[in-house]
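# predicted coordinates and the sequence they were generated for:
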Amino acid sequence: MKAISPRSRQVRILATLGPASDTPEMIATLFQAGADAFRVNMSHGDQRSKIAVIQAIRSLEKKFGRPSTILADLQGPKLRVGAFLGGRVELVSGSIFVLDRDPTPGDARRVELPHREIFAAIEPGARLLLDDGKLVLRVTDHDATRIVTTVEVGGPLSNNKGLNVPDVVVPVPALTEKDRSDLAFAVDQGVDWIALSFVQRPEDLWEARKLIAGKAALLAKIEKPAAIERLEEIVEACDGVMVARGDLGVEMPPQAVPPLQKRIVEVSRRMGRPVVVATQMLESMIKSPSPTRAEVSDVATAIYDGADVIMLSAESAAGDWPVEAVAMMNAIGKEVEADPGYAQRIGFTITRPDATTADALSEAAKSIAATVGAAAIICFTTSGSTARRVARDRPPVPILVLTPRMETARRLGLLWGTHNVHTRDVESFEEMVAKAKRIALRQGLVKAGDRVIVMAGVPFRTPGSTNVLHVVQIVGDELKGRD
């Protein structure tokens with residue numbers, strides 16, 4: 001297969017792989033339909049089954065001539081109640097229900113709660129949400145072995161259903177033994193991003209950061225109310241953020257999620273971290289070949305907010321229409337970005353530069369691109385920091401990223417507006433300019449007569465040293481040369 005052209009949209013699409021989409025043929029089809037990166041959910045299946053999936057994603061690089069991007073999503077600490085005699089009970093609103101440490105199968109009056117941390121952290125008045133928030137309990141009393149509650153919203157409850165504790169910070173470790181094993185496996189397989197679930201505080205990221213040891217980027221999933229209270233600290237401590245609206249919508253009122261989404265996106269953009277908006281974006285496409293108008297509007301809102309990435313979950317992992325779901329995301333992205341008001345809307349977030357040369361040049365690149373009508377901004381980078389600074393300002397033109405490190409090219413697959421190319425390093429300023437123009441032409445981002453902005457750091461091979469901004473014009477005879 002020949003190299004695929006750069007995307008004509010700036011927002012990126014992250015597709016979750018699963019039973020409906022984890023074959024090499026389907027992964028390639030999803031990529032052609034518009035998927036820029038792939039999520040491997042470590043909650044389902046064993047590690048051995050993931051090896052072939054990861055290899056299939058990497059094979060795209062040879063097929064299509066573009067870096068591939070893989071995010072491994074760790075399960076995180078899952079809180080669950082125990083089992084019931086007969087497997088199922090009916091909790092009646094207004095009744096008393098007890099959660100305790102007794103492993104004996106439960107009934108309509110009590111059940112085991114095998115998480116001692118909750119007994120220490122819970123407080124009277126706190127809510128306990130069962131089965132994705134379908135049942136609501138209110139704590140009236142507790143001690144080291146029993147939590148007494150009143151059933152506020154009753155209903156059927158079966159074995160091992162999930163439990164959410166939205167009103168207190170539960171001191172459970174962010175990484176379970178399964179997570180540590182999955183993290184080590186994912187890093188060994190060379191994935192680009194590790195997503196950490198149920199982050200409540202910046203300290204939750206420390207162990208994962210240490211275990212990753214710089215071999216992948218770390219993404220924090222914001223799905224707990226406690227995380228909102230320390231949002232800026234969490235964003236500062238990670239490399240990227242996910243607005244995980246599923247659990248966030250369980251633990252908080254549904255009407256609270258849209259403003260929180262905007263706040264998380266705004267903080268992440270301001271602090272220069274790529275941000276993913278996820279969960280139920282095209283939920284009806286699990287069974288239907290077309291989405292609802294409300295779902296299309298929801299996806300469009302995330303794009304207008306300036307999110308770097310929009311994500312498909314069950315739609316692409318287990319749905320009946322995975323290719324159509326990706327194609328719809330792609331079509332929505334193109335349509336929104338063609339809106340004359342799009343550039344103004346994503347400019348609502350003010351991204352003030354830090355007092356550094358690199359930040360000053362990145363801000364200047366956006367202004368110059370608009371003033372002189374440049375066709376692209378071209379960044380030479382080793383670590384990816386130059387590209388992140390430029391993308392944070394959401395310039396009106398594509399960002400071509402040239403890097404000698406394949407790891408950097410792959411990680412930047414979750415960054416808004418970037419077209420990433422793995423290429424040999426340069427030795428001189430003249431070589432840098434010639435290569436920038438040549439690759440921009442070959443990628444189809446520019447044509448003869450266009451102006452481009454070239455950014456780099458001199459001396460070369462010095463990460464974080466961006467200090468050059470150069471405006472050049474493309475001429476027609478610059479395709480010769482080796483990249």
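Sure, I can see it. Every value quoted in this text rests on a predicted model; they were computed, and no experiment measured them.
# tell me how many other residues crowd Glu232.
A count of nearby residues for Glu232, using other CB atoms under 10 Å, gives 12. Bear in mind the C-beta positions are built from the backbone N, C-alpha and C, glycine included.
# now the one helix or strand it maps to: buried residues?
Using DSSP states H and E, Glu232 sits in helix 231-237. In terms of neighbour count (16 or more other CB atoms under 10 Å), helix 231-237 has its buried residues at Leu231, Ile234, Val235, Ala237.
# and for stretch 367-375?
So, applying 16+ other CB under 10 Å, buried residues of stretch 367-375: Ile368, Ala369, Ala374, Ala375.
# can you give the contact residues for stretch 335-346?
Contacts to stretch 335-346, defined as CB atoms under 8 Å, 6 or more residues apart in numbering, come from residues Arg9, Gln10, Val11, Ala300, Ile303, Tyr304, Asp305, Gly306, Arg394, Pro396.
# what's the domain layout of this structure?
Residue ranges for the structural domains of the chain, counted by automatic domain parsing, are given in the record as 12-76+175-339, 88-164, 357-473.
# the second one: end-to-end distance?
Domain 88-164 stretches 19 Å from its first residue to its last (CA to CA, to the nearest Å).
# what's the answer for the last one, then?
For domain 357-473, the first and last residues are 24 Å from each other (CA to CA).
# the first one now?
As for domain 12-76+175-339, its first-to-last residue distance stands at 17 Å under the measure CA to CA.
# helix, strand or coil for the closest residue to His470 other than its chain neighbours?
Leaving out its chain neighbours, the residue that sits closest to His470 by CB to CB, 6 or more residues apart in numbering is Val454, at 4.5 Å. Three-state call for Val454 (DSSP: H, G, I helix; E, B strand; the rest coil): strand.
# pretty sure Val454 sits against Ala374.
No. Assessed by CB atoms under 8 Å, Val454 is found out of contact with Ala374, at 10.1 Å.
# measure Ala121 to Lys221 for me?
Computed as CB to CB, to the nearest Å, the Ala121 to Lys221 distance reads 21 Å.
# these two - which one has more neighbours?
More neighbours sit around Lys221 than around the other of Ala121 and Lys221, counting by other CB under 10 Å; the figures are 25 against 17.
# mind checking which helix or strand that one is in?
Under DSSP H and E, the secondary-structure element containing Lys221 is strand 217-222.
# that strand packs against which elements?
Using 3 or more CB pairs under 8 Å, 6 or more residues apart in numbering; DSSP states H and E as the contact definition, the elements that strand 217-222 packs against are strand 193-196, helix 204-212, helix 231-237, strand 240-244.
# could I get the helix or strand just after it in PDB with only the CA atoms?
Note on strand 217-222: by DSSP H and E, the next helix or strand toward the C-terminus is helix 225-229. What follows is helix 225-229, C-alpha atoms only, in PDB (Å, rounded to 0.1, in the frame of the first residue of the first chain):
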ATOM      1  CA  PRO A 225     -15.000  14.300  41.700                       C
ATOM      2  CA  ALA A 226     -11.900  14.400  43.900                       C
ATOM      3  CA  ALA A 227      -9.700  14.900  40.800                       C
ATOM      4  CA  ILE A 228     -11.600  18.100  40.000                       C
ATOM      5  CA  GLU A 229     -10.600  19.700  43.300                       C
END
